[in-house]
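> Sequence and predicted structure, then a few things I'm wondering about:
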Amino acid sequence: MSELLGLVTGTWTLFRAHSVLPRDPGENLALSLALSGVAFMVTVLVGAPYIRWLRRHNIGKRIRIEGPEGHFYKMGTPTMGGFMITVPVILLTLIFNLAGRLSMLLPLGVLIGTATLGAIDDRMNLVGGSRTGMTARFKMAWLLLFSIISALILHFPLGLRSIYIPVFGKYDIGLLYIPIAVIAIAGTANAVNLTDGLDTLAGGTAAVAFTAYGIIAFLQGQIQVVTFCFTMVGSLLGFLWYNAHPAQVFMGDTGSLALGAALATAAFMTGQWLLLPLIGIVFVAEAVSVMLQVAYFKLTGGKRLFRMTPLHHHFELLGWSETQITLRFWLVGMMAGLLGMALALI
């Protein structure tokens, strides 16, 4: 606890100094990294009592019977752990990253809205409950609503309307920007949600993607986006402390929907949203595997392209262990993140 207090005090000193003195890139980055450390420590410290609270209130995950048999032992594991990620980020952003940076109200609103939607779905999908969560159409309708609001804010108040193509440069695409942003935000939220099926898989790959966009934002001088992304990374790493295999808690839709929507929003705020499918390649692969499976099943009258989807289940049924899959997917995500950052510099 004393270490956390010392880190918070130091971060507050940096923040107060920056609110008066001219900022240079090094000082700005120092504040962002300090907040990442604070987010990590806060999440680790509140994690244990929060998990105990979830257990006392029987907030346990229901495992789909159509999933791999090896997952049945996870039945009843506390869920709604996404609050361990989003709440520290929201509080730290309100305290340290909002003054003079009202644009940060957008990712904050996205986090709050999608986390709330996910929490409602998680609450309806608990062990012993009589329901299995929201219908896919109902959930998608709300996601689209949040995405439309976010896209309109990005385009009009924030004045974003361009696409940046590596090598070729920046182009104004006008109102076409809005439907693209809507599809990307809702699609990324769903893709991360599909990825959240193995211990540390969604959290680890999301941390890599937020790190990549934090560095891209730093190269652009968008310190508010840098701070938001690195705060997300710190909180995600704190969550992974308890989500490490065998997981003590799952993030649930509370976390996965919020992570995906917030990541896409940060990508659009940097202007490098065309790189999102590359930097988030693991999420794309998971989502595409489901779409291909459904299409192939319908076209062939019941045949399967993969043994099971999302993609990580296919590798499970091939004999890969859970830790092998997550580590290898992390490695793919890291290399994709490095390539994305390289393209952002061209």
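Yes, it's here. Residues are numbered from 1 along each chain as shown.
> and residue 235, what does it touch?
Residues in contact with residue 235 (C-beta atoms under 8 Å, 6 or more residues apart in numbering) are 39-40, 42-43, 84-86, 88-89. For the C-beta atoms, the positions are set from N, CA and C on the backbone; glycine is no exception.
> Apply 10 Å and report the result again.
Applying C-beta atoms under 10 Å, 6 or more residues apart in numbering to residue 235 gives the contacts 35-36, 38-40, 42-44, 84-90, 92, 203, 207, 210, 255.
> what about it, helix or strand, and which?
According to DSSP states H and E, residue 235 maps onto helix 223-243.
> Give the buried residues for that helix.
Buried positions in helix 223-243, judged by neighbour count with 16 or more other C-beta atoms under 10 Å: 223-240, 242-243.
> mind checking how far the most centrally placed residue in the chain is from residue 114?
The chain has residue 259 as the residue nearest its centroid, 2.1 Å off, counting by C-alpha atoms, centre = their mean. Residue 259 sits 9 Å away from residue 114, going by C-beta to C-beta, to the nearest Å.
> shared neighbours, these two?
With C-beta under 10 Å, 6+ apart, residue 259 and residue 114 have common neighbours 82, 86, 189, 193.
> of these, buried ones?
Buried among these by 16+ other C-beta under 10 Å: 82, 86, 189, 193.
> Relative to residue 279, which of the residues you listed is nearest.
residue 189 (15.5 Å; C-beta to C-beta).
> Find the nearest non-adjacent residue to that closest one, please.
Computed as C-beta to C-beta, 6 or more residues apart in numbering, the closest residue to residue 189 that is not its neighbour in sequence is residue 260, at 3.7 Å.
> Can you tell me how far that neighbour is from residue 249?
Relative to residue 249, and taking C-beta to C-beta, residue 260 is found at 19 Å.
> more neighbours, the two?
residue 260 (32 against 26; other C-beta atoms under 10 Å).
> where does the more buried one fall, phi/psi-wise?
Main-chain torsions, residue 260, degrees, to the nearest 10: phi -60, psi -50.
> can you pull out the helices in the chain?
Along the chain, counting by DSSP state H, helices occupy 2-18, 25-56, 82-96, 105-123, 136-155, 177-195, 201-220, 223-243, 252-270, 276-279, 281-299, 311-317, 322-344.
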